[in-house]
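Engineer: predicted model and sequence follow; I will ask about them next.
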Amino acid sequence: MVKPGLAIHGGKPVREQYLPYGKQSIDDEDIQTVINVLKGDFITTGPTINQFEEKVAAYVGAKYAVAFSSGTAALHGACFAAGISDGDEVITTPMTFVASANSILYQGGVPVFSDIDPHTYNIDPESIKQKITSKTKAIIPVHFTGQPVELDEILKIAQDYNLIIIEDAAHALGATYKDRKIGSIGDMTMFSFHPVKHITTGEGGIITTNNEAYYQKLLQFRTHGITRDSNKLLKNHGSWYYEMQTLGYNYRITDFQAALGLSQLQKLDSFISKRKQYVAMYQEELKELPEIIVPKQLNYVNSSWHLYIIRLNLSLLKVDRREIFQALQKENIGVNVHYIPVHLQPYYQKLNYQKGICPKTEKLYEEIITLPLFSSMSKKDVNDVIQAVKK
Ligand SMILES: *Cc1c(COP(=O)(O)O)cnc(C)c1O
């Protein structure tokens, strides 16, 4: 409800047509690549999956990559490969999509939430240290919005306490930390190919790693825990023989999805440069508004800009976030909120996570709005958003 005397609504909307906050960019070349695979012999497990994995590994500078049916399945695989099991604690951030923490639960682990740095909104290494116990086994940092976390500090903590780092880089394909590509640094790194992410396979995800043992475990986990590798078989009845050696899942991606991913990957750098160009426009125009805090960029990282999030300076505003959100929607701007802190979700509340355990995250949540950002939007779209925000 708009309070009397406030004219934040009204008049003709800035846009006639609704602008979503994120969207895929698929061209005829992508479509043709998929058609070619559909006309071939393999539509599920086929040679294109390997090609896609090799290209992603090469792009990020990792030795191995294993593609999965979703980013969530990939994270689950990483938790399995890391040996997370009943009662193991894994530290992550609540300022993320629920999948980051759910992947820990799938393995019987216990998500432990660390608070964020209020400037970058990324997990705070100091808070990680405070949450470590004798049961801590791994850390899942999330490169929130595409801006890499303080990896050197987190790697140091991992070394000191013998912890495994699984990076949730769903937002950070193409991002760099001190000139190193995300995906080549931690023990395992997950990327997602959901349509709002940088490149898409419809649904899909991948783990990159430099560790051969993790690589082998991921391959087996992706397909029911089954192996046909004669070096790994305990017995061998003949050439038909395979063994299920662990409980895995059917988490395979299809060959035609991999074809889409392969084609999309060629455009990744141009997609990212579009995003950067649009972010520069937002930053330039919005930084002058005292009511808005624009994202802070660290100078030793290179964000891949998955999301552009403004923070409201509520003390200067007579309305709350909900009203501004609704007003922007009335202007046909597809705003969103990333994220509702995971520990506040009803399921996590039932698991006894208390409100108040991550006060900086909870405060941030009250103040943020995600503005549209995707490579196939136009400069005019960006200017419409700016105009609507100013209005
Ligand atoms: C998208 C996303 C995931 C999950 O990826 P899916 O491919 O949708 O399963 C996990 N973590 C974060 C931070 C994400 O944004």
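Structural biologist: Good, I have the coordinates. Because the structure is predicted, anything quoted here is derived from the model rather than measured.
Engineer: pLDDT of the strand or helix carrying Phe325, averaged?
Structural biologist: Assessed by DSSP states H and E, Phe325 sits inside helix 321-330. The predicted model gives helix 321-330 an average pLDDT of 96.
Engineer: for it, packing partners?
Structural biologist: strand 368-371 (3 or more C-beta pairs under 8 Å, 6 or more residues apart in numbering; DSSP states H and E). For the C-beta atoms, the positions are set from N, CA and C on the backbone; glycine is no exception.
Engineer: which residues touch whichever helix or strand comes after the helix holding Phe325?
Structural biologist: Using DSSP H and E, the helix or strand that follows helix 321-330 in sequence is helix 346-350. If you take C-beta atoms under 8 Å, 6 or more residues apart in numbering as the criterion, helix 346-350 is touched by Ala101, Pro111, Val342, His343.
Engineer: quick one: buried residues of helix 346-350?
Structural biologist: Tyr348 (16 or more other C-beta atoms under 10 Å).
Engineer: next one: stretch 230-245
Structural biologist: Going by neighbour count (16+ other C-beta under 10 Å), the buried part of stretch 230-245 is Glu243.
Engineer: what about whatever residue of the chain ends up closest to the ligand, how many neighbours?
Structural biologist: Residue of the chain nearest the ligand, by C-beta to the nearest ligand atom: Gly71 (2.6 Å). Neighbourhood size, Gly71 [other C-beta atoms under 10 Å]: 26.
Engineer: what residues does the strand or helix carrying Ile154 touch?
Structural biologist: Using DSSP H and E, Ile154 maps to helix 151-161. With contacts defined as C-beta under 8 Å, 6+ apart, helix 151-161 is touched by 123, 125, 128-129, 132, 136, 139, 141, 163-165, 177-178, 185-186.
Engineer: could you pull up the mean pLDDT of that helix?
Structural biologist: For helix 151-161, the per-residue pLDDT averages 98.
Engineer: ok, and what's touching the first helix or strand past it going along the chain?
Structural biologist: As assigned by DSSP H and E, the chain's next helix or strand after helix 151-161 is strand 164-168. Here strand 164-168 makes contact (C-beta under 8 Å, 6+ apart) with 75, 78-79, 82-83, 92, 96, 100, 137-143, 149, 154-155, 158, 182-183, 185-190.
Engineer: return only those of those found close to the ligand.
Structural biologist: By C-beta under 6 Å from any ligand atom, the members of those lying near the ligand are Thr96, Ser100, Val142.
Engineer: re the thing from before, need the max-distance pair from the contacts of helix 151-161.
Structural biologist: Of all pairs drawn from the contacts of helix 151-161, the widest gap by C-beta to C-beta lies between Thr136 and Lys178 and measures 25.6 Å.
Engineer: so which of those two has more stuff around it?
Structural biologist: The residue with more neighbours, out of Thr136 and Lys178, is Thr136; 19 against 12, by other C-beta under 10 Å.
Engineer: and the closest residue to the more buried one other than its chain neighbours, how many residues sit next to it?
Structural biologist: Closest residue to Thr136 apart from its sequence neighbours, by C-beta to C-beta, 6 or more residues apart in numbering: Glu89 at 4.6 Å. Residue neighbour count, defined by other C-beta under 10 Å, stands at 19 for Glu89.
Engineer: what's near enough to touch Glu89?
Structural biologist: Applying C-beta under 8 Å, 6+ apart, the residues near Glu89 are Gly109, Val110, Val112, Thr133, Lys135, Thr136, Lys137.
Engineer: the helix or strand containing Gln277 packs against which elements?
Structural biologist: Gln277 is part of helix 268-286 when elements are defined by DSSP H and E. With contacts defined as 3+ C-beta pairs under 8 Å, 6+ apart, helix 268-286 has these neighbours: strand 308-312, helix 379-390.
Engineer: all set, thanks.
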